[in-house]
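Novice: The amino acid sequence is not available; the structure is as follows:
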Ligand SMILES: NC(=O)c1ccc[n+]([C@@H]2O[C@H](COP(=O)([O-])OP(=O)(O)OC[C@H]3O[C@@H](n4cnc5c(N)ncnc54)[C@H](O)[C@@H]3O)[C@@H](O)[C@H]2O)c1
Ligand SMILES: O=C(O)C(=O)C[C@@H](O)[C@H](O)[C@H](O)COP(=O)(O)O
Ligand SMILES: [Zn+2]
């Protein structure tokens with residue numbers, strides 16, 4: 001078991017990482033609640049919801065809401081349905097909302113918890129690898145058709161209980177998606193970790209490797225969000241790969257590509273821009289080989305119109321005074337944020353699409 005402490009502007013919270021935690025909630029929760037609402041999705045619910053509900057003592061009133069699995073549920077409609085569930089179940093200011101699932105459930109239920117009665121306690125119970133990123137740091141949000149996470153706020157959980165046993169039921173494409181954010185944390189922090197990761201076959205990772213990688217990722221993220229919770233400076237680095245990724249997700253339609261796979265493609269693009277801008281050499285060749293070996297769907301980029309992607313990128317939250325900004329790497333472990341003119345961006349994107357198309361044809 002590992003336990004990390006993360007400080008936010010409102011409180012410090014524990015991240016507990018261990019196999020089997022879903023059935024041991026009462027040993028880990030600091031506070032007693034009379035009413036709890038567990039929010040989960042239609043894939044995670046059938047696997048783990050009963051065990052979580054049964055982990056509470058009988059005198060706790062536990063209700064639940066199940067949303068359809070998939071990114072499309074991070075919507076105004078589901079947000080409104082869930083607020084209705086809070087009201088129907090008469091949750092009060094001493095109640096607890098639990099997000100049991102991947103990042104979609106975490107972002108959605110966290111946003112519900114942050115706004116219902118102007119904020120009730122929120123517990124993150126991540127079940128995907130990707131959620132090592134989403135369950136810490138306090139960003140909660142829903143999507144708008146114009147762009148990802150356009151409606152949200154910063155609202156830290158009271159605790160993160162990461163039962164790593166639940167990762168056993170994750171399909172391989174969701175492991176691949178999760179590693180889009182794991183590799184991001186490696187590139188932002190540590191060359192030797194990158195070198196180790198970039199030879200891994202993601203379908204053959206051991207349980208211990210999964211747990212070690214997600215713990216390292218949380219440590220990298222924690223160090224950043226503790227310095228800059230509200231993203232005025234260094235937190236923007238955690239957006240490496242996201243300017244293109246979010247544009248692809250919105251343009252393709254939410255759920256057509258997983259978030260982490262889009263991020264993995266976006267990181268490749270950011271590496272190319274970095275190499276050109278700073279005349280540096282990054283491990284781009286081994287990164288691309290790793291993407292191909294692990295069957296990241298690089299051809300998805302070819303399904304979207306580059307013009308439309310640039311229009312989407314204008315909605316990126318790093319855009320200031322109509323200037324699009326990218327997180328770039330001066331070296332592995334040395335991220336920076338740079339303004340990229342639209343003329344340059346069009347050129348970079350057209351060259352990138354051409355390169356992806358050539359590599360896709362060869363594989
Ligand atoms: N708040 C943040 O800081 C932050 C950071 C990164 C990503 N995100 C957001 O997180 C979301 C992506 O997270 P995700 O990839 O976990 O998405 P997700 O929640 O949609 O989960 C992916 C799929 O895996 C299934 N699943 C989850 N856990 C499972 C398990 N243990 N066994 C079997 N199936 C399981 C889900 O039902 C879903 O079908 C995006 O909305 C992204 O924007 C937020
Ligand atoms: O925590 C952060 O900050 C991140 O940027 C982490 C990202 O992986 C995550 O996808 C986040 O939700 C993106 O935030 P956004 O502000 O660009 O919507
Ligand atoms: Zn992300």
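Specialist: Here it is on my side, so go on. Worth saying up front: this structure is predicted, and the values here are computed from it rather than measured. Ligands and ions are numbered 1, 2, ... in the order given.
Novice: is stretch 324-338 anywhere near ligand 2?
Specialist: No. Applying CB under 6 Å from any ligand atom, one finds stretch 324-338 separated from ligand 2 by no less than 9.0 Å. From N, CA and C alone the C-beta is placed, and that goes for glycine too.
Novice: what residues does that stretch touch?
Specialist: The contact list for stretch 324-338 (CB atoms under 8 Å, 6 or more residues apart in numbering) reads 186-191, 194, 236-237, 239-243, 270-271, 273-274, 277-278, 280, 282-283, 310, 313-314, 316, 318-319, 339-340, 342, 345.
Novice: Please name the residues that touch residue 303.
Specialist: Neighbours of residue 303 in contact, by CB under 8 Å, 6+ apart: residue 252.
Novice: That one and ligand 2, how far apart?
Specialist: Between residue 303 and ligand 2 the distance is 21 Å, computed by CB to the nearest ligand atom, to the nearest Å.
Novice: start to end distance for stretch 291-306?
Specialist: Distance across stretch 291-306, first residue to last, is 21 Å (CA to CA, to the nearest Å).
Novice: Nearest residue to residue 226 in space, ignoring adjacent ones along the chain?
Specialist: residue 7 (5.4 Å; CB to CB, 6 or more residues apart in numbering).
Novice: Does the one you found touch residue 227 like I think?
Specialist: No. Taking CB atoms under 8 Å as the definition, residue 7 is not a contact partner of residue 227, at 10.1 Å.
Novice: dump the residue contacts of the residue nearest to residue 130 when sequence neighbours are not counted.
Specialist: Among residues not flanking residue 130 along the chain, residue 178 sits closest, at 4.0 Å (CB to CB, 6+ apart). Contact analysis of residue 178 by CB under 8 Å, 6+ apart lists 128, 129, 130, 131, 132, 170, 214, 260.
Novice: so which of these comes closest to residue 198?
Specialist: Closest to residue 198 out of the contacts of residue 178 is residue 260 (15.8 Å), distances taken as CB to CB.
Novice: and the residue nearest to residue 226, backbone torsions?
Specialist: phi -100, psi 130 (degrees, to the nearest 10).
Novice: near ligand 1, which residues of the chain?
Specialist: So the chain meets ligand 1 at 41, 43-44, 47, 69-71, 74, 101-105, 107, 127-128, 130-131, 133-134, 137, 139, 148-149, 166-167, 169-170, 174, 177, 181, 258-260 (CB under 6 Å from any ligand atom).
Novice: Okay, and residue 62 sits in which element?
Specialist: Element membership for residue 62 (DSSP states H and E) is strand 61-67.
Novice: how far is the following helix or strand past that strand from where the chain is centred?
Specialist: Per DSSP H and E, strand 61-67 leads on to helix 76-88 as the next helix or strand towards the C-terminus. Offset of helix 76-88 from its chain centre (CA atoms, centre = their mean, to the nearest Å): 23 Å.
Novice: is stretch 128-145 anywhere near ligand 2?
Specialist: Yes. Using CB under 6 Å from any ligand atom, stretch 128-145 reaches ligand 2 at 133, 137, 139.
Novice: among these, which are in helices?
Specialist: Per DSSP state H, helices hold the following members of these: residue 133.
Novice: between the residues of stretch 128-145 next to ligand 2, which is closest to residue 210?
Specialist: Nearest to residue 210 among the residues of stretch 128-145 next to ligand 2, with distances taken as CB to CB, is residue 133, at 14.0 Å.
Novice: Tell me who's in contact with that closest one.
Specialist: Counting by CB under 8 Å, 6+ apart, the residues that residue 133 touches are 103, 181, 184, 185, 217, 221, 238.
Novice: element containing the residue nearest to the last one when sequence neighbours are not counted, please.
Specialist: If you skip the residues right next to it in sequence, residue 238 has residue 224 as its closest partner in space, 5.9 Å away by CB to CB, 6+ apart. In this structure, residue 224 sits in helix 207-227 according to DSSP H and E.
Novice: Report the rounded mean pLDDT for that helix.
Specialist: For helix 207-227, mean pLDDT rounds to 97.
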